[in-house]
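Trainee: I'll drop the sequence and a predicted model, then ask my questions.
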Amino acid sequence: DGGITQSPKYLFRKEGQNVTLSCEQNLNHDAMYWYRQDPGQGLRLIYYSQIVNDFQKGDIAEGYSVSREKKESFPLTVTSAQKNPTAFYLCASSSTGQQNTEAFFGQGTRLTVV
Amino acid sequence: AQSVSQHNHHVILSEAASLELGCNYSYGGTVNLFWYVQYPGQHLQLLLKYFSGDPLVKGIKGFEAEFIKSKFSFNLRKPSVQWSDTAEYFCAVNGNTGRRALTFGSGTRLQVQP
C-alpha cells in the first residue's frame, strides 16, 4: 500500500535528550513536511523539503533539525534546545505540480518529554 | 505571509442539523484551498479541495465548500450531519508558487450528538 509511515507512534524521552522521529513515504513525492499539532493551535509547520538534499525552515523551526538524504525519508530531530517538545508530530508529503499540491499525512508520533 | 482563520473552535450539533464552518484566509496570490478532517484516533484526511474553476466544490461524505474570492472565504457545509461526523476539521491554504507547504487554521472541533 502507498502511504506515509511514521514511527514510533508513541515516544517518551527524558528532558535534555535529543530524539529523532522517522518519516518514510512510498508515494514518489518530491516534497515532504513536518508539522506540530497542539490543542487549539492547529498544525504549525516546522520544516519542509521540496527536493532531495534541500530543506527550508517553517514557522517554528527553533529547536528542531531535519535531513533529506533520500527522496523517501525525512527524519526530524527534536533537540534539547526545543523548550516545549511534548506534542503530536505529523509528517506529510505532496507532489510539486502546480495543481497537485494535496498533502498526504502519516498517522503521527506523540512525543512526551518527562 | 499567508494565514487562515477558523472562527468556530467548538461546535455542538444534533444529528440531522445543518453544518457550516467558517474559514477565512489571507494570501497575496492565487490560492489553493483545502478542508481536512481528523477523526478520533485517525490520521488527517482530505475532505475536499479547490484549485480553480467552479467555486462550489463537493467532497467526500456529503461535504461541500464554496470559495468566495471577494470575501477571502472557503466555508464548509453539510446539509445534515451524522454522529459519525464527529471530528476535528481544518481549513488550509497554499499558493502555486514559492512556499508550497500548507498553512492551516486552528481547527474546529465538531461534536454531533445522537
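Mentor: Received it, and whenever you're ready, just let me know what you need.
Trainee: Is the residue lying closest to A:Y10 once chain neighbours are set aside bridged to anything, and to what?
Mentor: Nearest residue to A:Y10, sequence neighbours excluded (CB to CB, 6 or more residues apart in numbering or on different chains): A:R110, at 5.2 Å. (Each C-beta comes from the backbone N, C-alpha and C, glycine too.) Taking DSSP bridges as the rule, A:R110 bridges to A:Y10, A:F88.
Trainee: I figured A:R110 hits A:F12, correct?
Mentor: No - look at A:R110 against A:F12 with CB atoms under 8 Å: they stay out of range, at 9.4 Å.
Trainee: So between those two, which is more surrounded?
Mentor: A:R110 (15 against 12; other CB atoms under 10 Å in any protein chain shown).
Trainee: Low-confidence ranges, the chain, go.
Mentor: Unless you meant another one, I'm taking chain A. Filtered on pLDDT under 70, chain A yields the residue ranges A:1-2, A:98-100.
Trainee: list the contacts for the residue nearest the centre of chain A?
Mentor: In chain A, the residue lying closest to the centroid (CA atoms, centre = their mean) is A:W34, at 2.7 Å. If you count contacts by CB atoms under 8 Å, 6 or more residues apart in numbering or on different chains, A:W34 has them with A:21, A:23, A:45-48, A:58, A:64, A:66, A:74, A:76, A:89-92.
Trainee: Going through these, which ones are buried?
Mentor: Among the contacts of A:W34, the ones that count as buried by 16 or more other CB atoms under 10 Å in any protein chain shown are A:21, A:23, A:45-48, A:58, A:64, A:66, A:74, A:76, A:89-92.
Trainee: Chain neighbours aside, what residue packs nearest to the residue nearest to the centre of chain A?
Mentor: Once flanking residues are discounted, A:W34 sits nearest to A:I46: 4.3 Å by CB to CB, 6+ apart.
Trainee: part of a strand, is that neighbour?
Mentor: Yes - assessed with DSSP: H, G, I helix; E, B strand; the rest coil, A:I46 lies in a strand.
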